[in-house]
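[1] coords please:
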Amino acid sequence: MSEPQNTYTAYINPLYSSAVRRQIGVAIVNFIVNRANNKSGTRGRFKNYSKTYAKHPEFKAAGKSIDQPNVLLHGTMLHDLRVLDIGLSGRVIVGFKSGTKSNDKSVWMREKGYDFMGLSNNELNQVLSGFPLLSSNEIIAQINSTGNTDVN
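    The predicted structure is shown next:
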């Protein structure tokens, strides 16, 4: 049986165009992946593996280290993190496709205390700082020059 879908919804200014929402989604995915690669998640540094788990044959077979938690699932899980939906203004959803091995592993990781899906308000603001909104005068000028109402 597959796990529930593991996603993160970022609520952003509804004035961002769909093209910019997609770029923001990609930036969020990159932020989450980079943070997880640095062994940190939504609650800071990942905790060490338990001593009980470290004694398990799977743990030893995988070549894991008790003080080096790894959320990479051999490098494929985070590779499957995607922008899932930018269809509504003011919202970007990133996550894993439901029913996939990567989604199931990410849910298991979250349940074990290795939650990496999501951003704090400060982290989201850091990502959004790379996507400044146009002023109303800039929007009007762009519409007048191109006739395109999908700005940003």
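
[2] got a list of what residue 27 touches?
    By C-beta atoms under 8 Å, 6 or more residues apart in numbering, the residues touching residue 27 are 127, 130, 131. No exception for glycine: its C-beta is placed from N, CA and C like everyone else's.

[3] repeat that with 10 Å
    Residue 27 makes contact with 10, 83, 92, 94, 126, 127, 128, 130, 131, according to C-beta atoms under 10 Å, 6 or more residues apart in numbering.

[4] report the central residue of this protein.
    The centroid of the chain falls nearest to residue 29 when counting by C-alpha atoms, centre = their mean (3.9 Å).

[5] what about it, which SS state?
    helix (DSSP: H, G, I helix; E, B strand; the rest coil).

[6] dump the residue contacts of it.
    Contact analysis of residue 29 by C-beta under 10 Å, 6+ apart lists 8, 78, 81, 82, 83, 84, 92, 94, 95.

[7] against residue 80, how distant is it?
    10 Å (C-beta to C-beta, to the nearest Å).

[8] identify the contacts common to those two.
    residue 95.

[9] in this protein, which spans are helices?
    18-37, 51-54, 57-61, 101-111, 121-128, 136-146 (DSSP state H).

[10] CSV for these, including mean pLDDT?
    What follows is the helices of the chain, written out as CSV (pLDDT from 0 to 100):
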stretch, mean pLDDT
helix 18-37, 94
helix 51-54, 72
helix 57-61, 67
helix 101-111, 88
helix 121-128, 96
helix 136-146, 74
